[in-house]
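Trainee: pasting the structure only:
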């Protein structure tokens, strides 16, 4: 899958998994921070994203420090999926 396609798919999955029904994939910028002033996600959302990565891509994140490095924005998540995903 091309990186552009994967980014679009991931944005759709983020919207679906986090029930962000007011957003469309094009509303989420690739380099927009997912937490804080960016998309405004919280710690519960980070757990949901970890579940998403495990369920959809076979990626298991056990170390919270590793999770913080991966769940920065769509770009970092896609890079990690490309390097470590099994599906």
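Mentor: Here it is on my side, so go on. For clarity, every value in this text was computed on a predicted model and none was experimentally measured.

Trainee: which helices and strands sit right next to the lowest-mean-pLDDT helix or strand in the chain?
Mentor: Of all helical and strand segments in the chain, the minimum by mean pLDDT, DSSP states H and E falls on helix 64-70, at a mean of 90. Applying 3 or more CB pairs under 8 Å, 6 or more residues apart in numbering; DSSP states H and E, we find helix 64-70 packed against helix 43-57, helix 74-84. Where you see a C-beta, it was placed from the backbone N, CA and C, and this is true even at glycine.

Trainee: buried deepest among those helices, which one?
Mentor: Of all those, helix 74-84 has the most neighbours on average by mean count of other CB atoms under 10 Å, namely a mean of 17.

Trainee: and the angle for that helix with helix 43-57?
Mentor: 40 degrees (axes from the mean of the first three to the mean of the last three CA atoms, to 10 degrees).

Trainee: what pLDDT, on average, does helix 74-84 get?
Mentor: Averaged across helix 74-84, the pLDDT comes to 97.

Trainee: so what's the gap between that helix and the chain middle?
Mentor: 9 Å (CA atoms, centre = their mean, to the nearest Å).

Trainee: ok so, going back, need the helices and strands packed on helix 64-70 in CSV with distance to residue 34, can you?
Mentor: What follows is these, written out as CSV (distance: least, CB to CB, whole Å):
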stretch, distance to residue 34
helix 43-57, 8
helix 74-84, 8
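
Trainee: kind regards, and thank you for your time.
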